[in-house]
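S.K.: Attaching a predicted model along with its sequence, questions to come.
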Amino acid sequence: MTDQRTIRVLIAKPGLDGHDRGAKVIARALRDAGMEVIYTGLRQTPEMVAEAALQEDVDVVGLSILSGAHLALVPRIRQLMDENDLRDVPLLVGGIIPDEDVPALRAAGVSGVFGPGTSTEAIIEHIRQVVMNRGGREG
């Protein structure tokens, strides 16, 4: 495919969680897989994440949350993304997510939830799949 575009992924650390090793590992794996990664850094507000997604024209937003605040942060970020005409941008969450919280995250519009031990290959494949399903960057 000569017309294939580079997938742009925003990786964000919302909330007060100060641990970003996992986010950096994922960012590097996505870059190594040929994706363009924008990493926002630590302690981002939902508003900052949604604004960065809009400004950077990303294909996917990935959130890394270890603080336990995912049920508060994720729906707010999805709401702000929707309000900024980013309804079609898939939202992924990784981190410490109890199994019982996954249905609520999916109901809030999350396309994928990845816990500790998820292979980078599985995350890369999921991103490629959701981007292809939405028709790529011009879809």
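M.R.: Noted; the coordinates are in hand. Numbers count the residues shown, from 1 in each chain.
S.K.: how close does residue 66 get to residue 130?
M.R.: 23 Å (CB to CB, to the nearest Å). The way it works is simple: take the backbone N, C-alpha and C, and place the C-beta from them, glycine included.
S.K.: That should have said residue 112, apologies.
M.R.: Counting by CB to CB, the gap from residue 112 to residue 130 is 7 Å.
S.K.: Flag every buried residue along stretch 88-100.
M.R.: For stretch 88-100, the neighbour count (16 or more other CB atoms under 10 Å) marks 89, 90, 91, 92, 93, 94, 95, 96, 97 as buried.
S.K.: Now the residue nearest to the spatial centre of the chain. Nearest residue, chain neighbours left out?
M.R.: By CA atoms, centre = their mean, the chain has its centre lying nearest to residue 62, at 1.2 Å. Nearest residue to residue 62, sequence neighbours excluded (CB to CB, 6 or more residues apart in numbering): residue 92, at 4.5 Å.
S.K.: Work out the sheet partners of the helix or strand containing the one you found and label each with its direction, please.
M.R.: Using DSSP states H and E, residue 92 falls within strand 91-95. Strand 91-95 has its sheet partners listed here by DSSP bridges as strand 60-65 (parallel), strand 110-114 (parallel).
S.K.: tell me the mean pLDDT for the first one?
M.R.: Averaging pLDDT along strand 60-65 yields 97.
S.K.: Now do that strand: distance to the chain's middle.
M.R.: Relative to its chain's centre, strand 60-65 lies at 3 Å (CA atoms, centre = their mean, to the nearest Å).
S.K.: circling back: isn't the residue nearest to residue 62 up against residue 106?
M.R.: No: in this structure, residue 92 is not within contact of residue 106 by CB atoms under 8 Å, at 11.4 Å.
S.K.: so what sits against both of those two?
M.R.: Jointly contacting residue 92 and residue 106 under the rule CB atoms under 8 Å, 6 or more residues apart in numbering are residue 113.
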